[in-house]
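In: kindly return the folded structure for what I paste below:
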Amino acid sequence: MVAVSFSIPTAQHPRDAYIPEKYAINQESPVWFLADQLGGREERICTIPAGKAIFVPLLVGECDYSIPDVKSDEDLHRCTMAGN
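Out: Model (predicted):
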């Protein structure tokens, strides 16, 4: 297993104001990270170099009782369904 850590400044993150060139920012590791998508449907195109493993985020949010608005099971359910 390879531990990889990287960060992208918010203004350059491919999640926001997407352009294909943003996907190459800080992608020097053996793993190519695809940006999460925060809602709706969107088609994105990028070129991934040969030999890279691809990481696809499946979970881009979290709901638990530490969130101030979550005080009951009903609140927790509402929070989780809001991301679907």
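In: all contacts plus neighbour counts: C-alpha atoms, from now on.
Out: Will do.
In: centroid residue for the chain?
Out: D36 (2.7 Å; C-alpha atoms, centre = their mean).
In: pretty sure that residue is touching R15, no?
Out: Yes: taking C-alpha atoms under 8 Å as the definition, D36 is a contact partner of R15 at 6.2 Å.
In: how would you label the residue nearest to the centre of the chain: helix, strand or coil?
Out: coil (DSSP: H, G, I helix; E, B strand; the rest coil).
In: distance of the residue of the chain positioned farthest from its centre from I8?
Out: Farthest-out residue of the chain from its mean C-alpha position, per C-alpha atoms, centre = their mean: S72, at 27.3 Å. For S72, the distance to I8 (C-alpha to C-alpha, to the nearest Å) stands at 35 Å.
In: and F55, bridged to which residues?
Out: For F55, the beta-bridge partners under DSSP bridges are F33.
In: what's near enough to touch it?
Out: For F55, the contact set (C-alpha atoms under 8 Å, 6 or more residues apart in numbering) comprises V31, W32, F33, L34.
In: report the buried residues of the least confident helix or strand in the chain by mean pLDDT.
Out: Sorting the helices and strands of the chain by mean pLDDT, DSSP states H and E puts helix 73-82 at the bottom, at a mean of 86. Within helix 73-82, the residues that count as buried by 16 or more other C-alpha atoms under 10 Å are L76, C79.
In: rewinding a little: in ChimeraX, select just the buried ones from the contacts of F55.
Out: Per 16+ other C-alpha under 10 Å, the buried members of the contacts of F55 correspond to this ChimeraX selection:
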select :31,32,33,34
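In: farthest-apart pair in the contacts of F55, please.
Out: For those, the maximum inter-member distance is 9.6 Å, found between V31 and L34 (C-alpha to C-alpha).
In: give me the common contacts of the two.
Out: Common neighbours of V31 and L34 (criterion: C-alpha under 8 Å, 6+ apart): I54, F55.
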